[in-house]
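A.B. asks: Build me a model:
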Amino acid sequence: MITYVIPTHNRPAVLAETLDAISSLGPHEAEVLIVDNASHPPTTAPALLSSGVACRVVRLNANIGAAARNVAITHADASSRWLVMLDDDSAPMDLGFLAALREARADALIVAAEIFLPTPPGAPGRHESGGLPEVFVGCGAAIRADFFREHRGYDASFDYYAEEYDLAARALLAGGRVAFDRRFRVLHRKVTQGRDFGRVVSRLVRNNAWVSLRYAPDDARASATIGHITRYGMIARKERALAGYARGVAELARTWRAQPRRTMPDALWDRFTGLAAAREAVDLMINEHRPREVALIAPGKHVQYVAQALSERGIEIASDSRGTHAARCADVLFVATLSPGPMLDAAAAFGAALGPASGGVPVVMPWLMPAGECAEGRNSRTCASAA
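C.D. replies: Next up is the predicted model:
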C-alpha cells in the first residue's frame, strides 16, 4: 500500500489534472491524500478516482507550506509503507516505480524520481533542475512511512524550498540513504499560477544557507553558507528578483544563530554534497579512459565539487579560455553539475551535438546512475559516448 501526498492551495483545475493523471495509471493498491493549505473556496475531490483509487481531502486552517505533507503522519492509511510525495502539478508517468519501491534496499529511506518537464512533440526530453545524488526533489519522491513518522516529517520553519535538503540530511544522519531510481518517472507540469519568484528566491537563499549552518562540518560551514548567498544573488540578478533576495538575506541574518547544529562527519558531508559520488565517478572514468585532460561542460549545481574530485586525482581541467577548442581536444567531456536532471540533459545534448566527427569523445556523468543506465541508454554506468 502507498499513499500519494499532495498539498495544494487555490489551484483546483491544476489539482484536477493531477488526479486524472494518477487515475490514468490504472488500478493499484494506493490512496490519494490531498492536504488543502487553506484554499478559498475549499478544495474538493471525488472519494474514488475513476481507476478505483481512494481519495481524501484534509483541510487546514492556514497555509503552512511544505509542512502540509506532515499531515500524512496521522492521516495516511496505517498499512502504507511508502508516502509518495507529489505537488499538485506533478504525477507518476507510469507504475514502474512500484517495482522500484518493492526492490529498494533496506537502508533506502527515500527513493527519488527522475523528474521530467513537458516538452513539445518531437523535442528532446528535459528534466527538472535541483537535487543531488542523495538529495531528492520534493515533487517526486517516495519516503518510508516509518522514517517520516519517527522524524516528524518536514521542518515547518522552511515553508517551501530546500526542506528536502534538510530531510535528506536527517535521513543520512539516521544511517540511511537517498536512492535515485530511473524506474520512478514523474512529470512535473510546473504550473506558474501562484508562484512569486521574489518569494521563491527569498526562501532559496535563506533555506539553503540554513542547511549549511545546520549540517556542514566546522571547517566547511562558512564557505558553504557564503556559496549559497553568492549563488542565489547571481540568480536573483538574472531573474530581476533582487528585492526578494534582499528579504531572504535579511531573514538569514536574523535567524542564523538559532539554527540547530547537527554537524555531519566529513565523510557524510561528502555524500550529502555529492563529492563522494563525483570521486567514485572520476575513479571509474580513469579506469575506463585514462584521460590526460578533461573539459568541464554544462557547469551547474556544485560544480566546485566536480572540479575538486578531478583535481584530487591529478586530472588536468582544460582552460575555459580555450572554449569550444578545449572541448574538441580534451580526452573526456565531464558534465559539471551534480543535479540529476541537468546532468542527464547535458550528457544527452553534448553526446548528440558532437557526433562521430568528434572522434568518439566520451561524455562522462559525475555520478553513477543506477542499473547501468545513462542518458543515451547505453551499457555504461557513467558515460554517454559521442561516437
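A.B. asks: Contact partners for the residue most central in space within the chain?
C.D. replies: Centre of the chain computed as the mean C-alpha position; nearest residue by C-alpha atoms, centre = their mean is residue 131, 2.6 Å away. Shown in contact with residue 131 (C-beta atoms under 8 Å, 6 or more residues apart in numbering): 112, 137, 164, 339, 340, 341. (C-beta placed from N, C-alpha, C; glycine too.)
A.B. asks: what number of residues lie near the nearest residue to the fourth one once chain neighbours are set aside?
C.D. replies: Distances taken as C-beta to C-beta, 6 or more residues apart in numbering put residue 301 closest to residue 339, at 4.1 Å, once the chain neighbours are dropped. Applying other C-beta atoms under 10 Å, we find 22 other residues in the vicinity of residue 301.
A.B. asks: from what I can see residue 301 touches residue 340, true?
C.D. replies: No. With contact defined as C-beta atoms under 8 Å, residue 301 does not reach residue 340; the gap is 9.7 Å.
A.B. asks: any shared contact partners between the two?
C.D. replies: Common contacts of residue 301 and residue 340, defined by C-beta under 8 Å, 6+ apart, comprise residue 132.
A.B. asks: ranges for the helices of this protein?
C.D. replies: Along the chain, counting by DSSP state H, helices occupy 12-23, 72-75, 96-102, 145-150, 163-173, 197-215, 218-238, 242-255, 266-273, 275-289, 303-312, 323-329, 340-354.
A.B. asks: Looking at the ones you listed, which is nearest to residue 116?
C.D. replies: Among those, helix 340-354 comes nearest to residue 116, with 8.2 Å by C-beta to C-beta.
A.B. asks: re earlier: got the phi/psi numbers for the closest residue to the residue nearest to the centre of the chain other than its chain neighbours?
C.D. replies: Among residues not flanking residue 131 along the chain, residue 137 sits closest, at 4.5 Å (C-beta to C-beta, 6+ apart). Per-residue torsions, residue 137: phi -100, psi 130 (degrees, to the nearest 10).
A.B. asks: List the residues that contact residue 137.
C.D. replies: 112, 113, 115, 128, 130, 131, 164, 341.
A.B. asks: Determine which two of those are furthest apart.
C.D. replies: Put simply, by C-beta to C-beta the two of the contacts of residue 137 set farthest apart are 164 and 341, 13.9 Å from each other.
A.B. asks: Need the contact partners of stretch 9-23.
C.D. replies: Stretch 9-23 is contacted by residues 4, 6, 8, 32, 34, 36-40, 43-46, 49-51, 53, 55, 63, 86, 88-92, 187, 189, 191, 193-194 when judged by C-beta under 8 Å, 6+ apart.
A.B. asks: ok so, going back, and residue 365, which of the helices of the chain is closest to it?
C.D. replies: Among the helices of the chain, helix 340-354 comes nearest to residue 365, with 5.2 Å by C-beta to C-beta.
A.B. asks: Just want the angle from the closest one to helix 303-312.
C.D. replies: 60 degrees (axes from the mean of the first three to the mean of the last three C-alpha atoms, to 10 degrees).
A.B. asks: C-alpha coordinates for helix 340-354, CSV please?
C.D. replies: Coordinates of each C-alpha in helix 340-354 appear next as CSV, following Å, rounded to 0.1, in the frame of the first residue of the first chain:
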residue,chain,number,x,y,z
PRO,A,340,20.5,14.7,-11.8
GLY,A,341,18.1,16.4,-14.3
PRO,A,342,20.6,18.9,-15.8
MET,A,343,23.3,16.2,-15.7
LEU,A,344,21.2,13.9,-17.8
ASP,A,345,20.1,16.7,-20.2
ALA,A,346,23.7,17.8,-20.7
ALA,A,347,25.1,14.3,-21.3
ALA,A,348,22.4,13.7,-23.9
ALA,A,349,22.8,17.1,-25.6
PHE,A,350,26.6,17.1,-25.8
GLY,A,351,26.7,13.4,-26.9
ALA,A,352,24.3,14.2,-29.8
ALA,A,353,25.9,17.5,-30.7
LEU,A,354,29.5,16.2,-31.0
